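S.K.: only the shape, not the letters, is given here:
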């Protein structure tokens, strides 16, 4: 394993190949237009970095600013919170903390976690994904928004997108859900989304 030399002014993301959380972070970094590099590793032990011992699971980021300040974070929640607070001060991809819209974004992330990763171990991934898709379809039909929360792409969209893009994994036909298909296609038209997915070896 090579020793990765992190350069100042660049974010380094360490994630496992095909990881949906890694894809969300990669897409977000692309949308924020931050210089970065992505290292595909299988465990935290594969990271040859002085600060890696502080973490027990992937994904992990190391951010060395152009001023030389070093920051690191692990896990989807902490990483995305850091990236948005530092690199999205004008809320292009987020909403003001404490706002109704910000609470809606948090609700979608919590809903995904409960639906896909909740305490229903006996339920197949297909059934979990179907429940997710049905809820998304109903929401998009009702709101008629282009995105899940309001009129801009937020973390709610980015967290859920890899699971919708992976419909074939769940043996589901996305075209059965017309509004969800339109939402998926809208995101795919953004080159930042496609590149973020491709960087972690996921298809759109």
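M.R.: Looks like it arrived, so ask away. Everything quoted here is computed from the prediction, not taken from an experiment.

S.K.: secondary structure element holding the residue nearest the centre of the chain?
M.R.: Centroid-nearest residue in the chain: residue 24, 1.7 Å away (criterion: CA atoms, centre = their mean). Secondary-structure assignment from DSSP states H and E places residue 24 in helix 20-31.

S.K.: next one: residue 184
M.R.: Going by DSSP H and E, residue 184 is part of helix 178-188.

S.K.: cool, residue 14 as well?
M.R.: strand 10-15.

S.K.: tell me which strands that strand pairs with, and in which orientation.
M.R.: strand 36-40 (parallel), strand 60-64 (antiparallel) (DSSP bridges).

S.K.: give me the contacts around the last one.
M.R.: Outside strand 60-64, the residues within contact range by CB atoms under 8 Å, 6 or more residues apart in numbering are 6-15, 25, 44, 47, 49, 51-52, 70-74, 79, 82-83, 86. The way it works is simple: take the backbone N, C-alpha and C, and place the C-beta from them, glycine included.

S.K.: and if you look at stretch 91-106?
M.R.: By CB under 8 Å, 6+ apart, stretch 91-106 touches 28, 31-32, 84, 88, 148-150, 152-156.

S.K.: how does it look with 7 Å?
M.R.: 31, 84, 88, 149, 150, 152, 153, 154, 155, 156 (CB atoms under 7 Å, 6 or more residues apart in numbering).

S.K.: surely the third one meets residue 32?
M.R.: Think residue 88. Yes: counting by CB atoms under 7 Å, residue 88 does reach residue 32; the two are 6.2 Å apart.

S.K.: so which strand or helix has the residue with the largest distance to the centre of the chain?
M.R.: In the chain, counting by CA atoms, centre = their mean, residue 67 sits farthest out from the average C-alpha position, at 27.1 Å. Under DSSP H and E, no helix or strand contains residue 67.

S.K.: and the gap between it and residue 9?
M.R.: Here residue 67 is placed at a distance of 9 Å from residue 9 (CB to CB, to the nearest Å).

S.K.: ditto for residue 112
M.R.: In terms of CB to CB, residue 112 sits 33 Å off from residue 9.

S.K.: do the same with residue 150
M.R.: With CB to CB as the criterion, residue 150 and residue 9 are 32 Å apart.

S.K.: higher neighbour count, the two?
M.R.: Each of residue 150 and residue 9 has its neighbours counted (other CB atoms under 10 Å); residue 150 has more, 17 against 13.

S.K.: quick one: contacts for the more buried one?
M.R.: residue 101.

S.K.: helix or strand next in line after the helix or strand where residue 112 lies, which one?
M.R.: Residue 112 belongs to helix 100-117 when assigned by DSSP H and E. Using DSSP H and E, the next helix or strand after helix 100-117 towards the C-terminus is helix 125-143.

S.K.: thanks a lot, catch you later.
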